[in-house]
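*Asks:* Turn this into a model:
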Amino acid sequence: MESKFNVCPRCKGNKMIDMGDTIDCPECRLEFEKDDIKTLESDQILAISEKLNFIRNIKNNNNKT
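*Replies:* Residues are numbered from 1 along each chain as shown. A predicted model of the protein is given here:
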């Protein structure tokens, strides 16, 4: 596993679990996409759950209008 994938972009924990296209942090319980880690700065990386919440909020706001 590349060194970029050994450290959690959020909590900086070092017990990452390689899940193939993603990595999972058991310390902060967040999952991140490897493509994001390769291309973005660490402070710009969102966890998969955060991305899904963001999309749900946009979808819900569009359904209200």
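*Asks:* drop to CA atoms for contacts and neighbour counts, all remaining ones
*Replies:* OK.
*Asks:* Let me see the contact set for residue 31.
*Replies:* The contact partners of residue 31, by CA atoms under 8 Å, 6 or more residues apart in numbering, come to 22-25, 47-49.
*Asks:* same deal with residue 24?
*Replies:* Going by CA under 8 Å, 6+ apart, residue 24 touches 16-18, 30-32.
*Asks:* Flag the shaky bits of the chain, pLDDT-wise.
*Replies:* The chain contains residues with pLDDT under 70 at 1-2, 65.
*Asks:* now, which of the contacts of residue 31 lie within helices?
*Replies:* Those of those mapping onto helices are 48-49, per DSSP state H.
*Asks:* Look up phi and psi at the spatially most central residue of the chain.
*Replies:* The centre of the chain sits closest to residue 47, judged by CA atoms, centre = their mean, with a distance of 2.3 Å. The phi and psi torsions at residue 47 (degrees, to the nearest 10) take the values phi -70, psi 160.
*Asks:* is it true that it touches residue 28?
*Replies:* No - the criterion here is CA atoms under 8 Å, and residue 47 misses it with residue 28 at 10.5 Å.
*Asks:* which among the contacts of residue 24 end up buried?
*Replies:* 16-17, 30-32 (16 or more other CA atoms under 10 Å).
*Asks:* tell me which of those is nearest to residue 10?
*Replies:* residue 30 (8.4 Å; CA to CA).
*Asks:* Now do the same contact list for the closest one.
*Replies:* 24, 47-49.
*Asks:* beta partners of it?
*Replies:* residue 25 (DSSP bridges).
*Asks:* Can you tell me how far it is from residue 15?
*Replies:* According to CA to CA, to the nearest Å, residue 30 and residue 15 sit 12 Å apart.
*Asks:* got it, and residue 21?
*Replies:* With CA to CA as the criterion, residue 21 and residue 15 are 17 Å apart.
*Asks:* more neighbours, those two?
*Replies:* residue 15 (14 against 9; other CA atoms under 10 Å).
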